[in-house]
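Asker: next comes the sequence, and after it the predicted model I'd like to discuss.
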Amino acid sequence: MNPPIRILPIIVFSQFCCTSLWFAGNAVMPNLLLDFNLAPTALGSLTSAVQFGFIIGTLVFAVLSIADRFSPSKVFFFCALIGAVSNLGAVWGGNTLWSLISFRFVTGFFLAGIYPVGMKIASDYYEKGLGKSLGFLVGALVLGTAFPHLLKQITQNIEWQLVIYITSALAGLGGILLLILVPDGPFQKRSQRPDFSAFFQVFKKKEFRASAFGYFGHMWELYAFWAFVPIILIAYQELHTITEFNIPLLSFIIIGIGSLSCIAGGYISEKYGAKKTASTFLLLSGLCCLISPLIILYTPAGTFILFLIFWGMVVIADSPLFSTLVATHAPAETKGTALTIVNSIGFAITIVSIQLLNILRLEISPVFLYIILAIGPALGLWGLFKEKKSDVKQNNFNY
């Protein structure tokens, strides 16, 4: 039996509304630095605060099996409201670096009840065609992440606080819509108590490990790339002084275009399989990291922007496919916990890569900064290949 036609659009729209909280601070970062007298390095600290909050949140949600013990729609709703309120903290006139970090941390903590829980809700409705469904869902995350940059462009002649107000209002709306219109799905299997062993048990399955390892490699690159898109554009402008970019608008396009590639990747995976499709995108994004110095140094502005748009597409297109593989290989009664655990570890990795770039950009030319991101795709592909190689050896032994 197919779910009601409204279900996926509501989940997707709610995910878009709520994940706009994620990079709301980055979209107004120059204003935050100026108005609160912050050092340039605060960019990395404030971005990492959201990631760190998300990691702690996902750990708590995973250990307590929140998404598997309670109604996912209600969890999503309460987390959306609290995330919206904490996001509003950025407009407080008495902010310091530490208060801003605290507000962003709390926002990240409750995003743990939005992004992975939204995927859990989708998997409770769509056992068949999950890759395609999660393609739409992660596409909404991407668009939500890029949206504050567009808001900044639209409201550039208005007070920056409007970006914060709008993203908080959207998060509240998304939570309310999902609570009212999306009840618990037909494939939900609810746990009765916290399963503290689930954190470790899920990794005993080699197919799950391979999927998770690919996802971790993908995450090393993804959020560092997103956080530093404006920095890449500025670096190009400084090298090619006759070029002047509309950085907020281009940041929105480069990040937001990934929503389309997520959807396309979901459809492609139905023909070629989630694992093969995800591996191809991971390889392409790794190659983008490696050739980025040549593109920044030697290509005209138009080619440079097209390259970043392509990179913005392939850097995220594998994400819903890895999540599909994780959900597929996790036990039904701990599916929400498994997704949350993998998200937690993946976002812990993003803190390392973001902070590493933040430190290195003061030490080396920005032209060569992004090569370091290729480490993630390389290790992710190695993890997938390693599991496949062990399968071949085992089959030969059995034969």
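Answerer: Sure, I can see it.

Asker: what residue ranges in this structure score low on pLDDT?
Answerer: By pLDDT under 70, the weakly predicted segments of the chain are 1, 127, 129, 155, 187-202, 332-333, 387-399.

Asker: which one's the longest helix in it?
Answerer: helix 206-239 (DSSP state H).

Asker: who touches stretch 365-381?
Answerer: 213-221, 224-225, 228, 231-232, 235, 239, 279, 282-283, 285-286, 289-290, 292-293, 296-297, 349, 353, 356-357, 360-361 (Cβ atoms under 8 Å, 6 or more residues apart in numbering). The C-beta positions use only the backbone N, C-alpha and C, and glycine is treated the same way.

Asker: could you point out which element follows the longest helix of the chain?
Answerer: Next helix or strand after helix 206-239 toward the C-terminus (DSSP states H and E): helix 247-256.

Asker: which parts of the helix or strand following that next one are buried?
Answerer: Sequence order places helix 258-272 as the next helix or strand after helix 247-256, per DSSP H and E. Neighbour counts using 16 or more other Cβ atoms under 10 Å place 258-263, 265-266, 268-269 of helix 258-272 among the buried residues.

Asker: out of the residues you listed, who's nearest Tyr125?
Answerer: Tyr125 lies nearest to Gly266 out of the buried residues of helix 258-272, by Cβ to Cβ, at 15.0 Å.

Asker: restricted to buried residues, select the contacts of stretch 365-381 in ChimeraX.
Answerer: Buried residues among the contacts of stretch 365-381 (16+ other Cβ under 10 Å), as a ChimeraX selection:
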select :213,214,215,216,217,218,219,220,221,224,225,228,231,232,235,279,282,283,285,286,289,292,293,296,349,353,356,357,361
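
Asker: what about the helices in the stretch 251-399 of the chain?
Answerer: 258-272, 274-298, 301-317, 319-329, 335-360, 375-398 (DSSP state H, counting those that start in this stretch).

Asker: let me know which of those is the nearest to Gln153.
Answerer: Nearest to Gln153, of the helices of the stretch 251-399 of the chain and by Cβ to Cβ, is helix 301-317 at 15.4 Å.

Asker: report the angle between that closest one and helix 206-239.
Answerer: Helix 301-317 runs at 160 degrees relative to helix 206-239, counting by axes from the mean of the first three to the mean of the last three Cα atoms, to 10 degrees.

Asker: start at 716 instead
Answerer: In the new numbering, first residue 716, that becomes helix 1016-1032.

Asker: elements contacting helix 1016-1032?
Answerer: Using 3 or more Cβ pairs under 8 Å, 6 or more residues apart in numbering; DSSP states H and E as the contact test, the elements touching helix 1016-1032 are helix 921-954, helix 962-971, helix 973-987, helix 989-1013.

Asker: can I get those in TSV including distance to Val800?
Answerer: Shown next, in TSV, are the helices and strands packed on helix 1016-1032 (distance: least, Cβ to Cβ, whole Å):
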stretch	distance to Val800
helix 921-954	24
helix 962-971	25
helix 973-987	27
helix 989-1013	35
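
Asker: and the ones you listed: which comes nearest Gly772?
Answerer: It is, among the helices and strands packed on helix 1016-1032 and with distance given as Cβ to Cβ, helix 921-954, at 15.5 Å.

Asker: how far off centre is the closest one?
Answerer: What separates the centre of helix 921-954 from the centre of its chain is 10 Å, taken as Cα atoms, centre = their mean, to the nearest Å.

Asker: do stretch 888-904 as well
Answerer: Distance, centroid of stretch 888-904 to centroid of chain: 21 Å (Cα atoms, centre = their mean).

Asker: one more: stretch 1026-1041?
Answerer: 10 Å.

Asker: swap in stretch 875-882?
Answerer: Offset of stretch 875-882 from its chain centre (Cα atoms, centre = their mean): 21 Å.

Asker: can I get the CA coordinates of it in CSV?
Answerer: Extracted C-alpha coordinates of stretch 875-882, given in CSV (Å, rounded to 0.1, in the frame of the first residue of the first chain):
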residue,chain,number,x,y,z
TRP,A,875,20.9,41.3,9.0
GLN,A,876,18.7,40.2,11.9
LEU,A,877,15.9,39.6,9.4
VAL,A,878,17.7,36.5,8.1
ILE,A,879,17.6,35.1,11.6
TYR,A,880,14.0,36.0,12.2
ILE,A,881,12.9,34.4,8.9
THR,A,882,14.9,31.2,9.4
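
Asker: sorry, back to before: and which of the buried residues of helix 973-987 is nearest Lys1101?
Answerer: Taking the buried residues of helix 973-987 together and measuring to Lys1101 by Cβ to Cβ, the closest member is Ser984, at 21.5 Å.

Asker: give me the buried positions along the helix or strand hosting Gly846.
Answerer: Using DSSP H and E, Gly846 maps to helix 845-869. For helix 845-869, a neighbour-count test (16+ other Cβ under 10 Å) marks 845-868 as buried.

Asker: relative orientation of it and helix 921-954 in degrees?
Answerer: Using the same axes, to 10 degrees: helix 845-869 against helix 921-954 is 20 degrees.

Asker: output the contacting helices and strands for helix 845-869.
Answerer: Using 3+ Cβ pairs under 8 Å, 6+ apart: helix 845-869 touches helix 722-734, helix 739-742, helix 830-840, helix 876-896, helix 962-971, helix 973-987, helix 1034-1044.

Asker: and that helix, how far out from the chain middle?
Answerer: Worked out by Cα atoms, centre = their mean, helix 845-869 lies 9 Å from the chain centre.

Asker: quick one: that helix to helix 1034-1044, angle?
Answerer: Using the same axes, to 10 degrees: helix 845-869 against helix 1034-1044 is 150 degrees.

Asker: what about Ser760, how many neighbours?
Answerer: Here the number of neighbours of Ser760 (other Cβ atoms under 10 Å) works out to 19.

Asker: how close does the residue nearest to it when sequence neighbours are not counted get to Pro863?
Answerer: Nearest in space to Ser760, with sequence neighbours left out and distances taken as Cβ to Cβ, 6 or more residues apart in numbering, is Ile816 at 6.2 Å. Ile816 sits at a distance of 18 Å from Pro863 (criterion: Cβ to Cβ, to the nearest Å).

Asker: just Thr992 next, same as before
Answerer: Between Thr992 and Pro863 the distance is 29 Å, computed by Cβ to Cβ.
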